[in-house]
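**Student:** have a look at this fold, sequence not included:
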Ligand SMILES: *Cc1c(COP(=O)(O)O)cnc(C)c1O
């Protein structure tokens, strides 16, 4: 077995895996499950600091992003796509699929979106139905400041759709303070449950916009309106993946008790980045580092594939390369959720140090020793 130090899926604690083995009932007919589902949704809303309703959808992270776009977009709608990374840009595909007209606000992918510059852009350009934004753009590890950016957009009556799949619970998310209309999360990132589920929080404003559509939502599975009144009617639009939801609940019960979660991510993220830099390696970003993932450039003397292969075969640790324009360029260490612990990170840094040395890369200091010093 490998130690999975990737930026999602992450390692999954045994208690969470075992929760999925609980005896099943018929989730369509058994009211105890409908109560359990609703309670779990309310727990997620609470942990994300929002009065907005949460829905858990039966599909992994991408379904949440698509459902948000499918449910809001009518043919011809203009949508502002904030883009400083692969997922940022990718939102435009969902907008187009449902007949919308994406307009990009594209900035340099090594720095977070600057709220001041965006504010200026919005002063001249604000005829959009909604805007999309990624909290942590995982392929580069870019963290955007959702709490500053979303209120600027809201000022013009533009709805916001935020993908925080790989940031939430490793980075602060306060949905109501930011005024986010639809926030998307996933089970397999910092939540550290197995992949398979997505959840969304939906504001009353977003619900009103969906209710007032002139055209029907061009999807069933990605239609957030099909859940309307599910609790009162004791009826789900499709059979819920009950075992996955038992696992997800166990993961959230764990998060609810873990008061140190954000601080721990910050300590580990900081120590990892500093150790990488002090050893003479180059971080991909200039600013805007997410505490859930560290991304560094592949040294010229070797390849991403070689680093990943030695880590996997010799040290039984899985790191990730990246994709799209970053394929082959960088290595990613996922220190989110249950990966964010000192012991696994020490082992990872030690293995990475040996791997790089074996590939002929000279380091200016020991990655592991430096990481340990910085954690003290
Ligand atoms: C992981 C992730 C998703 C979920 O989709 P995948 O199918 O795992 O790619 C969505 N958005 C972001 C930013 C993610 O990191």
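**Tutor:** In hand now; what should we look at? Computed from a prediction, not measured in an experiment: that's the story for all the values here.
**Student:** so residue 299 sits against residue 361, correct?
**Tutor:** Yes: contact criterion C-beta atoms under 8 Å: residue 299 and residue 361 qualify, at 5.0 Å. Just so you know, the C-beta spots here come from the backbone N, C-alpha and C atoms, and that holds for glycine as well.
**Student:** helix, strand or coil: sort out residue 365 for me.
**Tutor:** Here residue 365 is recorded as coil under DSSP: H, G, I helix; E, B strand; the rest coil.
**Student:** give me the distance between it and the ligand.
**Tutor:** 31 Å (C-beta to the nearest ligand atom, to the nearest Å).
**Student:** same check on residue 283?
**Tutor:** Using C-beta to the nearest ligand atom, residue 283 is found at 18 Å from the ligand.
**Student:** quick check: mean pLDDT of stretch 177-184?
**Tutor:** Averaging pLDDT along stretch 177-184 gives 98.
**Student:** so which residues make contact with it?
**Tutor:** Contacts to stretch 177-184, defined as C-beta atoms under 8 Å, 6 or more residues apart in numbering, come from residues 48-50, 52, 61, 64-65, 68, 71-72, 130, 146-147, 150-151, 154, 159-165, 168, 173, 175, 198-203, 205-206, 224.
**Student:** can you narrow those residues down to the ones near the ligand?
**Tutor:** Contacts with the ligand within these, counted by C-beta under 6 Å from any ligand atom: 61, 163, 165.
**Student:** so where does the last one fall, helix or strand?
**Tutor:** Taking DSSP states H and E as the definition, residue 165 sits outside all helices and strands.
**Student:** start the count at 314, not 1, going forward
**Tutor:** Okay, residue one is now 314; in that scheme the one you just asked about reads as residue 478.
**Student:** which residue packs closest to it, ignoring adjacent ones?
**Tutor:** residue 499 (4.2 Å; C-beta to C-beta, 6 or more residues apart in numbering).
**Student:** how many other residues sit next to the one you found?
**Tutor:** 27 (other C-beta atoms under 10 Å).
**Student:** and the gap between it and residue 481?
**Tutor:** Note on residue 499: its distance to residue 481, by C-beta to C-beta, to the nearest Å, is 9 Å.
**Student:** check residue 535 too.
**Tutor:** Relative to residue 481, and taking C-beta to C-beta, residue 535 is found at 21 Å.
**Student:** near the ligand, which residues of the chain are found?
**Tutor:** 321, 373, 374, 375, 400, 447, 451, 476, 478, 479, 499, 502.
**Student:** please, where are all the helices along the stretch 514-663 of the chain?
**Tutor:** Counting by DSSP state H, counting those that start in this stretch, the stretch 514-663 of the chain has helices at residues 517-524, 543-546, 555-570, 574-591, 617-628, 655-671.
**Student:** so residue 553 touches residue 346, yeah?
**Tutor:** Yes: assessed by C-beta under 8 Å, residue 553 is found in contact with residue 346 at 7.3 Å.
**Student:** need the residues touching each of these two.
**Tutor:** residue 340.
**Student:** excluding its backbone neighbours, what's nearest residue 361?
**Tutor:** Nearest one to residue 361, counting by C-beta to C-beta, 6+ apart, is residue 488 at 4.9 Å.
**Student:** how many neighbouring residues does the one you found have?
**Tutor:** 25.
**Student:** what distance do you get for it to residue 500?
**Tutor:** Separation of residue 488 from residue 500 (C-beta to C-beta): 18 Å.
**Student:** for residue 511, same thing?
**Tutor:** Distance from residue 511 to residue 500, by C-beta to C-beta: 7 Å.
**Student:** kindly report the same for residue 633.
**Tutor:** 18 Å.
**Student:** ok, now residue 373?
**Tutor:** Note on residue 373: its distance to residue 500, by C-beta to C-beta, is 7 Å.
**Student:** then residue 440?
**Tutor:** Taken as C-beta to C-beta, the span from residue 440 to residue 500 is 36 Å.
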